[in-house]
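Participant: Fold the following for me, if possible:
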Amino acid sequence: MCDTESEIDIVTEVDPSDAGRIQGSEHARLHAVDAMRIVTGVINRFADDVPLKDLRASRALNLAVDRGRVVRERFAGYAHALSGLTPPCAGGFSGAEPYPHDPEEARRLMEEAGWPEERALRLAATTDVEPVANMLAEDFRRSLDLEVGLRIVPDEGLLAAQHALVEKVMELPFDVLVHSWIDLSSDAPPEFIHGAYFVGDGPFRAGPPVKEFEDLMGAFATEIDAERQSELATRLDRYVYDEALSVFLVAPQALYAVNRHVEFVGQAATLELAETGVTRDHWSRRDGENDDRGGTTVATDGRATIMLEEAQEIIRAATRKAEEIGQPMNVAVMDNGRQLKAFARMEDAWLGSIDIAIDKAFTAVSFLMATQDLAEMTQPGQPLYGLETTNGGRVVNFAGGILLTREDGQVAGAIGVSGGTVDQDQEVAEAGVAAL
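Facilitator: Residues are numbered from 1 along each chain as shown. Just a heads-up that it's a prediction; the model follows:
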């Protein structure tokens, strides 16, 4: 982002490491939103050659970390130190103080636990959290007086690494994995965060199931009283903290740089920019003047949105394909702000598929992926299980919704098709995409 006035007012989430530069800009305003996401260290309690199942060792790992330095130096102050897996702004937060940075006590506990001499601590991370992993490696070396080997999983090897962790099909090649995750429900973090890391079928569980945790989680899952459920959520977070089941790191805030004349309300749970708009002084509304630059209109989130003529041509291409395969369809096109741009219901297309087509487009543009890609990830035990219950039940997790993108990769909107089999819906949607 430039330090001079941009031709187009922009709203974008930014890396916190850019905070100082952006805040110093003449026109940019920096907004921090408490977000439902965490960065934590997954402890490999399956390991047999090191005492990571010993409470003294896991507490030593937590006492070795200078969370304040991570918040200051990596996140420019835009993060909260964690004392469990629940972000401080979420329901179920235990209120516990984060583990202090105490290298002397950390070293003593690790020695008591019996960490083997000459055995390096194996740290791993994905590229998105590599800077945090580098800081964590420094803290472990200094505080524990151990050799630390850091392995960064390259993007091309991410799928295989995820398979090893989720499926538990092979020995895990790390002692601590730096991992980021989000909670899609701020009211009940155990549903997405604690469950993902520690329940028996949790995708990120890296150790034997813990009976006390399983009992608490079972009670939480079957409780219908809201007050009692909140109490159980707090007990779960406190139990995880007391037993040091993870290396608790930080809860980053969602940080947005917003140029002048742009207004928005941040949505913590999904990191969406809710209620985004512009003032009358924004270039797009100045005295009703048209943009004289000749380019495509740009939405307030910085992405080139779909135009009406384009949306209509996409629908024509899709309905031609539907006629070709002999299946009446409902076809919806949304812009990149999730607003319906154009819609067509072919003769004899199912009335019940109207909303499904619209919601497929809504889903694709909301999560920036094709709806068919959500199918596997939203199955029981998978990372996004339960996603279809969010957003007022509008999320669709089967084929027929596809993003519409510009040649430069900018998201312009999405198409949603419904009325046939999922394969037919997908075929017709792809025909519409090809028209852009």
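
Participant: Under the pLDDT cut-off, which ranges of this structure? List them.
Facilitator: Residues of the chain meeting the criterion pLDDT under 70: 1-31, 169, 184-188, 256-303.

Participant: Give me the most central residue, it.
Facilitator: With distances taken as Cα atoms, centre = their mean, residue 182 lies nearest the centre of the chain, 4.8 Å away.

Participant: ok, and the closest non-adjacent residue to that one?
Facilitator: residue 37 (4.3 Å; Cβ to Cβ, 6 or more residues apart in numbering). C-betas here are computed from N, CA, C, even on glycine.

Participant: got the phi/psi numbers for the one you found?
Facilitator: Main-chain dihedrals, residue 37, degrees, to the nearest 10: phi -150, psi 160.

Participant: Tell me, how many residues neighbour the residue lying closest to residue 53 once chain neighbours are set aside?
Facilitator: Closest residue to residue 53 apart from its sequence neighbours, by Cβ to Cβ, 6+ apart: residue 45 at 5.0 Å. By the measure other Cβ atoms under 10 Å, the count of residues near residue 45 is 18.

Participant: So what pairs up with residue 330 in the strands?
Facilitator: Taking DSSP bridges as the rule, residue 330 bridges to residue 345, residue 418.

Participant: so how many other residues sit close to it?
Facilitator: Residue 330 has 30 neighbouring residues, counting by other Cβ under 10 Å.

Participant: Same check on the one 3 residues further on?
Facilitator: Residue crowding around residue 333 was assessed by other Cβ under 10 Å; the count is 29.

Participant: What's the separation between it and residue 136?
Facilitator: Separation of residue 333 from residue 136 (Cβ to Cβ, to the nearest Å): 45 Å.

Participant: again, but for residue 104
Facilitator: 19 Å.

Participant: just residue 156 next, same as before
Facilitator: Distance from residue 156 to residue 136, counting by Cβ to Cβ: 24 Å.

Participant: So for residue 233, what's the nearest residue that isn't a sequence neighbour?
Facilitator: Residue 233 sits nearest to residue 92 (Cβ to Cβ, 6+ apart), 2.9 Å away.

Participant: just to revisit the earlier point, more crowded one of residue 156 and residue 136?
Facilitator: Using other Cβ under 10 Å, the more surrounded residue of residue 156 and residue 136 is residue 136, with 26 against 7.

Participant: Mind telling me what element the more buried one is part of?
Facilitator: Assigned by DSSP states H and E, residue 136 belongs to helix 130-144.

Participant: Could you list the domains of the chain?
Facilitator: For the chain, automatic domain parsing gives the domain ranges 37-252, 308-434.

Participant: Going along the chain, name the helices of the stretch 301-436 of the chain.
Facilitator: Applying DSSP state H, counting those that start in this stretch to the stretch 301-436 of the chain gives helices spanning 308-325, 354-367, 371-377, 422-434.

Participant: closest to residue 203 out of those helices?
Facilitator: Distance to residue 203, taken as Cβ to Cβ, is lowest for helix 371-377 among the helices of the stretch 301-436 of the chain, at 9.8 Å.

Participant: which other helices and strands contact the closest one?
Facilitator: Counting contacts by 3 or more Cβ pairs under 8 Å, 6 or more residues apart in numbering; DSSP states H and E, helix 371-377 is packed against helix 354-367, strand 401-405.

Participant: a markdown table please, covering those and showing distance to residue 393 and mean neighbour count.
Facilitator: Putting the helices and strands packed on helix 371-377 into a markdown table (distance: least, Cβ to Cβ, whole Å; neighbours: other Cβ atoms under 10 Å) gives the following:
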| stretch | distance to residue 393 | mean neighbour count |
| --- | --- | --- |
| helix 354-367 | 9 | 24 |
| strand 401-405 | 15 | 25 |
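
Participant: Tell me which of the ones you listed sits nearest to residue 224.
Facilitator: Of all these, helix 354-367 sits nearest to residue 224, with 27.9 Å by Cβ to Cβ.
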